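Asks: the following comprises the amino acid sequence and a computationally predicted model.
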Amino acid sequence: MSPDFLTVKDVSKNFDGFIAVDQVSFSVEQGEMISIIGPNGAGKTTLFNMLTGQLRPTAGEVYFRGQIINQLPPHRRARLGMGRTFQIAKPLIALNALENVMIGAFLHRRPLSEARDHAYEILKEIGLASRALRRASELTLSERRRLEVARALALDPQIILLDEVMAGLNASEIEQAIELFHRLHARGLTLLVIEHNLRVVRALSQRVIVLDHGISIAEGGAEDILRAPEVVAAYLGRRREWTPS
Amino acid sequence: MDNIVTILIYGLLLGGIYGLVSIGLTLIFGVIRITNFAHGEILMIGMYGTYFVYAWTGMSPYAALFVVVPAMFVVGLLVQRLLIQPLLNEPMMQIFVTFGLLIFLENFVLMLTQGAALGIPSDNGPQVISLLGNKVSIAQIFAFAASTLIAIGLHLFLNYTMMGKAIRAVTQDKRAAATMGINVNRIFLLTFGIGTAITGVASVFLTPIYTLSPTIGGNFVLAAFAVVVLGGLGSVWGAYIAGLIIGVVEAFAGFYIDPTLKSAVWFLIFIAVLIVRPSGLFGIVGAEEVGFREQH
Amino acid sequence: MSSTSTDVEELPDAASASAGPIKLGPSKAQVVAQYLLGMGVALVPFAVLYNDFYWINILTFAYLMAGLASAWNIIGGFGGQFSLAHGAVFGVGAYFAGQMCLIYGLSPWLAMPIGAVLVAAIAVLISWPTFRLRGPFFAIATMAFNEVVAVFANYSETLTGGARGLLIPFRASFANMIFVERWKSTLLMFVYMAFVAGISVAIRHSRLGYYLLSVREDEDSARASGVNVVAVKLWGMAISAALTAIGGTLFAMFIRFLDPPTLFSLPEVGVKFALLSLIGGVGTIWGPLLGAALVIPLENFIRATLGGLPGVHLVILGLLLMLAARFLKRGIVGALGAIRWPRWMSRR
């Protein structure tokens, strides 16, 4: 377990005056399951985008596996072992599910047949094997979510960043997904998850980080965090005494 | 030293023309985010329209403004409604369809006019005045004035009218604008109409200056793209100022190197802008790797 | 779960008993067989018409254009990058071979690969600034490039013979790529088409091909999957340009008269490649070939019957382009794909 697996140090993002992320720091150890929670607009996806390379930090450093990766483009971070899913699933519509996953599989496997076989294995793992030859446009929401995850898994990643991957799924689909992630985690995959669903947060976190207005306001174990007054306040507001005028 | 002033004046007047031709293009690009490759041909049919109004009614070509501009507005509505709107989510098909329009218009006019060269004779049209000791065609001054007035007018329209603000809202974020109750498709129609109408104004002011041929659109369209990119996609003042810059650069390059190589000038400016500062001088729509926000 | 049936059966789940080897895609043998079959079919008109003086010309041109459209399709169709520079690329390849022959007596067979590499390098150079960006810049830059090259060709007497053009004298020999019998030229064009189609097939079923498709579909998504988007675009452009330049060489030695309007006219050359791909099915392997097979003879027919009025056949071409873009986006191949076919034919 290397303490320098994924480290974020005083990272900020300033969009022309609007500070979306303000000096956030945390560390992820290899093999951990971490959740990032916070009200809408807290800067969670912006933070993710700085980790995966869609955005560059305006200040601070991001370290992955010992190297500083601030300037590294997204495809190189994928090469280093970082996989991600997008909040709005972005499958490659004209291709079928298998081919979608093959794109990621090609990262470490050049020959077509190898990439194809690996992609199929991943689809089996994810439970999409029966839909492998369907066009991505024909998949349901839950299937598209799973396809997103499959595409990230095809990279043989060391860490996977999941951005609200459960949004819009029903209860049984969520249970299946949790079970899948536990399986992957048991095999050594590090998980960094943005989530709103408390059930998921409880199930998929050894640690929780809370963001509000771009600032990290709390960090700790799931149960403590979810009860902490400042976290409740961030979501619901502070309790005020009402006095009739 | 006299030379420099002459070249400068020539360049600025040319730049005024480039601005006039490009303002419609940049408006359309900024709002609807499509590249109208047929822009030059639309300019061309406006010019032929102006010529025919003049030839059939004896009206001064400038008076043809009142016929050509509304007609062009309608043309813009038709193009947007029939060709562009159905293809809003298909960027490659947009290129195909506007290219098809380009080829169609150019050759349709060729067919109709059988390649005869048309032009407004000089005793009837432009006169020459003396500016700072240089002979300058008054038609070009008119064009420059028109360009400036259009830029100011459009600026006022976009910033101080409800419709203009709606257009600006759609430029920035069409989904957000839609949630505010703005009918995005209607704004697109209006914008394409206005953009084409402005191009109609340009064609009226250009007809007394140039000899018409079906391919004249092609002479302007590349310069227009260079202007739009340099000025910043979607910025009206950007197009105005970039037009002047490119006019001057082209004039100097033409004098010191060779006038036939002007397309090389446009191309180099275009590439240079994309390498150094893709969003151009005043870009609303950023074009950098990260900045060009996809509008779903 | 969608219950619509498609032309594809559901695959057995991992949980169910193994049903033997799963058919995930066409095997190499199938791909090769399909290719050979297609080439065989394409050869049939030649076998039938090689002695027909009228048709042999059309066929020669059709094969050439099929190859050029296929070459464009690699970056334009697979990669989704609408290049308008391919006309310029074609022209430069033609001029290069022509001049090498006229000035140095160099056999076009040797000039061909050199020209291809040279042109590919230029194409990569002008494309690179636009490939990092999104939006229409690539199309505009390539259009501007086409214009610059055309103007330059007109202007430079020494390099290209200027507006007067270049005339390559008729000295028939294999080394000169000039033949007395027409059918030999036709066969050469067929070989070119088969070559480009073959490369197209190879790319489509390789990592580069899949990467190109991913870039076309969604660049962000591709990046997150480890695709170096800029590098993929550059490779696609380089290969596509090289193949187009080779076509230019063949054209030069076939027609033996080169001048700027012939080579650099966008509707006749540059956009034509794209148009053929569109009609046939842009982004497919067989689309460009079908497009050429249909449009080239049609064009000839129109020119022959309505040739009196200038510009008529281009008016029709323009209309065709607009209608196809509006109503026939997937081209003929796409329209055929909507029909149920037996499993052994690939979908694209």
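Replies: It's in. Residues are numbered from 1 along each chain as shown, chains lettered A, B, ... in the order given.
Asks: please tell me how far A:Tyr235 sits from chain B.
Replies: Between A:Tyr235 and chain B the computed distance is 24 Å (CB to the nearest CB, to the nearest Å). Where C-beta positions appear, they are placed from N, C-alpha and C, glycine not excepted.
Asks: quick check, whichever strand or helix holds B:Phe104 touching chain C?
Replies: Per DSSP states H and E: B:Phe104 is located in helix B:91-113. Yes - using CB under 8 Å from any CB of the partner chain, helix B:91-113 reaches chain C at B:91-97, B:99-108, B:110-111.
Asks: next: stretch A:153-169.
Replies: Yes - contact of stretch A:153-169 with chain C (CB under 8 Å from any CB) involves A:Ala154, A:Leu155.
Asks: in that stretch, what's buried?
Replies: By neighbour count on 16 or more other CB atoms under 10 Å in any protein chain shown, the buried set for stretch A:153-169 is A:153-155, A:157-166, A:169.
Asks: can you pull out the strands in the chain?
Replies: The chain I'm using is chain A. A:6-15, A:18-28, A:33-37, A:59-64, A:67-68, A:82-84, A:159-163, A:190-194, A:207-212, A:215-220 (DSSP state E).
Asks: to clarify, I was referring to chain C.
Replies: For chain C, the strands defined by DSSP E cover C:166-167, C:257-258.
Asks: with distance to chain A as extra columns, can I get these in a markdown table?
Replies: Listed next are those as a markdown table, based on distance: least, CB to the nearest CB, whole Å:
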| stretch | distance to chain A |
| --- | --- |
| strand C:166-167 | 43 |
| strand C:257-258 | 39 |
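Asks: next, the angle helix B:91-113 makes with the top helix by length along chain B.
Replies: Longest among the helix segments of chain B by residue count, using DSSP state H, is helix B:2-32. In terms of direction (axes from the mean of the first three to the mean of the last three CA atoms, to 10 degrees), helix B:2-32 departs from helix B:91-113 by 120 degrees.
Asks: for helix B:2-32, what does the pLDDT average out to?
Replies: Here helix B:2-32 scores 90 as its mean pLDDT.
Asks: for stretch C:335-348, same thing?
Replies: The model assigns stretch C:335-348 a mean pLDDT of 63.
Asks: report pLDDT for the closest residue to chain B within chain A.
Replies: In chain A, no residue comes nearer to chain B than A:Leu55, which is 6.5 Å away by CB to the nearest CB. Turning to A:Leu55, the model gives it a pLDDT of 89.
Asks: over to the one 5 residues further on?
Replies: The confidence metric pLDDT takes the value 92 at A:Gly60.
Asks: where exactly do the helices run in the stretch 101-250 of chain C?
Replies: Assigned by DSSP state H, counting those that start in this stretch, the helices in the stretch 101-250 of chain C fall at C:108-131, C:137-155, C:157-160, C:182-204, C:207-217, C:219-224, C:229-255.
Asks: quick one: which of these is nearest C:Gly318?
Replies: helix C:137-155 (16.3 Å; CB to CB).
Asks: near chain B, anything from that closest one?
Replies: Yes - looking at helix C:137-155 against chain B by CB under 8 Å from any CB, the contacts come from C:137, C:139-141, C:143-145, C:147-148, C:151-152, C:154-155.
Asks: just checking, C:Ser127 touches C:Phe137?
Replies: No - C:Ser127 is beyond contact range of C:Phe137, at 10.0 Å (criterion: CB atoms under 8 Å).
Asks: get me the contact residues on chain A for chain B.
Replies: A:Gln54, A:Leu55, A:Arg56, A:Ile88.
Asks: from those, which is closest to B:Val75?
Replies: Looking across these and measuring by CB to CB, the closest to B:Val75 is A:Ile88, at 37.3 Å.
Asks: which residues does A:Ala132 contact?
Replies: Applying CB atoms under 8 Å, 6 or more residues apart in numbering or on different chains to A:Ala132 gives the contacts A:Asn96, A:Ala97, A:Leu98, A:Tyr120, A:Leu123, C:Leu11, C:Leu24.
Asks: how about those in a markdown table, adding neighbour count and pLDDT?
Replies: What follows is those, written out as a markdown table (neighbours: other CB atoms under 10 Å in any protein chain shown; pLDDT from 0 to 100):
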| residue | neighbour count | pLDDT |
| --- | --- | --- |
| A:Asn96 | 23 | 92 |
| A:Ala97 | 30 | 94 |
| A:Leu98 | 26 | 94 |
| A:Tyr120 | 23 | 94 |
| A:Leu123 | 26 | 93 |
| C:Leu11 | 22 | 50 |
| C:Leu24 | 19 | 81 |
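Asks: helices and strands of chain B: which one has the lowest mean pLDDT?
Replies: Lowest by mean pLDDT, DSSP states H and E among the helices and strands of chain B is strand B:128-131, with a mean of 74.
Asks: residues making contact with it?
Replies: B:Ile9, B:Lys135, B:Val136, B:Ser137, B:Ile138, B:Ile141.
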